[in-house]
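*Asks:* predicted model, plus sequence, below.
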Amino acid sequence: MSRFRRVIALLLTATALSAAPAWERLAALPIGNGGFITASIAGDVVIAGGTTWQGDVKAWLNQIWVYEPARNTWRAAGRLEVPLAYAVTGHGPDISWFAGGSSGQETHRALWKIEKGLVPQRIATLEPGIVYAAGGRIGPKLYVVGGSDDQGALERVGSRFFAFDLKTGAATRLADYPEAGLMTGTAAAVGDNLYVFGGARWDAEKKAAVNYASAHTYSIVTSQWTALPPLPHPGRGYTAVALDDRHIFIAGGYRNDVVEFVADAYLFDVKSGKYTPSTPLPYAAMVGLVQNGDWLYCLGGEDRKKHRTDAAFRIRWRELLR
C-alpha cells in the first residue's frame with residue numbers, strides 16, 4: 001500500500017472511531033443496586049427497589065429514587081410498600097406496571113403501578129407469585145413468562161405463560177414457553193409480539209443454572225410461539241429494550257462461570273431476524289436499561305458476584321441504529 005493510501009486509511013479509521021456512539025457517565029446511583037424496577041416518568045428516570053450487598057449480606061430494598069437529567073442528580077422519592085426485586089415490568093407513557101418480585105423472604109403476589117405522583121398503587125392480588133420471570137406490556141395486558149412461584153425454590157422454575165389484565169389483575173393462562181423452564185431471561189414487546197431472549201433452566205441434579213442461547217416470539221394475534229434465530233452466545237441476565245418498532249437492544253448478562261459478566265451488546269432486527277453487534281455497555285454486568293426521551297440509560301446492576309455497582313451512563317439511542 002502506498003504512503004498516500006495508508007494516510008487515507010488512517011484518516012478514515014480515525015473518522016469512524018470519532019463518530020462511534022459513546023456512553024456518557026452520569027452521577028452515580030445513591031447505592032450500588034441491581035434487580036430494581038426502572039421507569040421513565042415525566043422526563044425523569046425512576047428506579048425502585050432492588051438489591052445490594054453489605055459485606056457478605058444481601059439486602060433487599062424498598063426505596064424509590066429519581067434521576068433528574070437537567071440537574072444530573074438523584075433524589076429520594078419515597079418507598080415501595082415492601083422490599084422488592086426481580087419483578088416483571090411493563091411500560092406506558094409516564095407509567096409503569098410491575099408484578100411479583102421478591103423481598104428475599106417471600107415471593108410477592110401483587111400487581112402495582114407507578115406514575116407521575118411516584119406513589120406506588122397496588123392494583124390487584126395475583127395468583128401465582130412471580131419471581132425471576134420475564135415479560136412486557138402489550139396493550140392492556142402485562143405478559144409474564146417463566147420464573148418461579150417461590151424465590152427460594154429454583155427447582156420450581158417453569159415455562160408457564162400468563163397475561164395479566166392491567167386494570168383488574170385477572171390472569172389468563174397462555175401456551176407455555178417452548179423451553180424446559182425459564183428464569184432470568186429478558187423480553188421486549190414490539191407491536192403485537194413479545195420477544196424473549198436467553199435466560200436459563202434449573203438443572204436439579206447438578207443444582208446449577210444451564211444458560212440458553214435460544215429466543216422465541218409470541219404473537220397475541222395468532223396465540224403461538226415461534227422460534228427465533230439463537231443469540232450469538234448463551235447467557236442469562238441479558239437486558240432487552242425496544243428502541244423503535246423494528247430494533248431491540250440486547251446487552252450485558254452472565255455468560256458462564258468462566259467468562260462471567262459481559263458488556264456485549266446486539267441489535268436484533270424483528271423484520272430480518274438478524275443480530276448485529278452494537279456498541280458495548282460501558283461496563284460488564286446484568287444492568288438496568290431504560291429509554292427516556294432521546295436517551296438510553298444504563299444503570300447499576302450485578303457486575304461481580306456478591307456485589308452491585310452504582311454506575312450510571314446514557315447514550316443517544318438513535319446513534320445505536322446507525
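*Replies:* Now that the structure is in, tell me what you want to look at. Everything numeric in this text was worked out from a predicted model, so none of it was measured.
*Asks:* now the helices for the stretch 1-150 of the chain?
*Replies:* Applying DSSP state H, counting those that start in this stretch to the stretch 1-150 of the chain gives helices spanning 3-19.
*Asks:* where in the chain is pLDDT low?
*Replies:* 1-19 (pLDDT under 70).
*Asks:* so for it, the centremost residue is which one?
*Replies:* Nearest to the geometric centre of the chain sits residue 239, at 3.6 Å (Cα atoms, centre = their mean).
*Asks:* who's in contact with that residue?
*Replies:* 186, 250, 251, 252, 253, 286, 287, 288, 289 (Cβ atoms under 8 Å, 6 or more residues apart in numbering). For glycine as for every other residue, the C-beta is placed from the backbone atoms N, C-alpha and C.
*Asks:* number of nearby residues for residue 116?
*Replies:* 10 (other Cβ atoms under 10 Å).
*Asks:* hang on, I meant residue 159
*Replies:* 16.
*Asks:* how about it, secondary structure?
*Replies:* Classification of residue 159 using DSSP: H, G, I helix; E, B strand; the rest coil returns coil.
*Asks:* gap between it and residue 207?
*Replies:* 20 Å (Cβ to Cβ, to the nearest Å).
*Asks:* about what we covered before: and the contacts of residue 239, which is closest to residue 54?
*Replies:* Distance to residue 54, by Cβ to Cβ, is smallest for residue 286 among the contacts of residue 239, at 19.1 Å.
*Asks:* ramachandran coordinates for the closest one?
*Replies:* phi -90, psi 110 (degrees, to the nearest 10).
*Asks:* how about it: which residues does it bridge to?
*Replies:* Beta bridges link residue 286 to residue 302, judged by DSSP bridges.
*Asks:* wait, it touches residue 255, no?
*Replies:* No: contact status for residue 286 versus residue 255: not in contact, 11.0 Å apart, counting by Cβ atoms under 8 Å.
*Asks:* name the residue in those two with the higher neighbour count.
*Replies:* Between residue 286 and residue 255, counted using other Cβ under 10 Å, residue 286 has the larger neighbour count: 24 against 18.
*Asks:* how close does that one get to residue 137?
*Replies:* With the distance defined as Cβ to Cβ, residue 286 ends up 21 Å from residue 137.
*Asks:* list the buried residues of stretch 50-66.
*Replies:* The neighbour-count criterion (16 or more other Cβ atoms under 10 Å) identifies 50, 51, 52, 53, 59, 60, 61, 62, 63, 64, 65, 66 as the buried residues of stretch 50-66.
*Asks:* same deal with stretch 30-50?
*Replies:* 31-41, 44-50.
*Asks:* ok, stretch 148-158 next?
*Replies:* Here stretch 148-158 shows 148, 149, 150, 151, 154, 156, 157, 158 as buried, counting by 16+ other Cβ under 10 Å.
*Asks:* all strands for the stretch 151-300 of the chain, in order.
*Replies:* For the stretch 151-300 of the chain, strands defined by DSSP state E, counting those that start in this stretch occupy the ranges 161-165, 171-174, 186-190, 193-197, 200-203, 208-211, 215-219, 224-228, 239-242, 247-251, 265-269, 275-277, 286-292, 295-302.
*Asks:* same for the longest one, what does it pack against?
*Replies:* Yep, that's strand 295-302 we're talking about. strand 44-48, strand 286-292, strand 312-316 (3 or more Cβ pairs under 8 Å, 6 or more residues apart in numbering; DSSP states H and E).
*Asks:* give me the buried positions along the last one.
*Replies:* In other words, strand 312-316. Within strand 312-316, the residues that count as buried by 16+ other Cβ under 10 Å are 312, 313, 314, 315.
*Asks:* between the two ends of stretch 118-131, how far is it?
*Replies:* This stretch, stretch 118-131, spans 23 Å end to end (Cα to Cα, to the nearest Å).
*Asks:* near residue 119, how many other residues are there?
*Replies:* Neighbours of residue 119 using other Cβ under 10 Å come to 11.
*Asks:* against residue 168, how distant is it?
*Replies:* In terms of Cβ to Cβ, residue 119 sits 20 Å off from residue 168.
*Asks:* repeat for residue 94
*Replies:* With Cβ to Cβ as the criterion, residue 94 and residue 168 are 21 Å apart.
*Asks:* same question for residue 281.
*Replies:* For residue 281 relative to residue 168 (Cβ to Cβ), the value is 38 Å.
*Asks:* so those two - more neighbours on which side?
*Replies:* Regarding residue 281 and residue 168, a neighbour count based on other Cβ under 10 Å identifies residue 281 as having more, with 25 against 11.
*Asks:* pretty sure that one sits against residue 297.
*Replies:* No: using Cβ under 8 Å, residue 281 makes no contact with residue 297, being 11.4 Å away.
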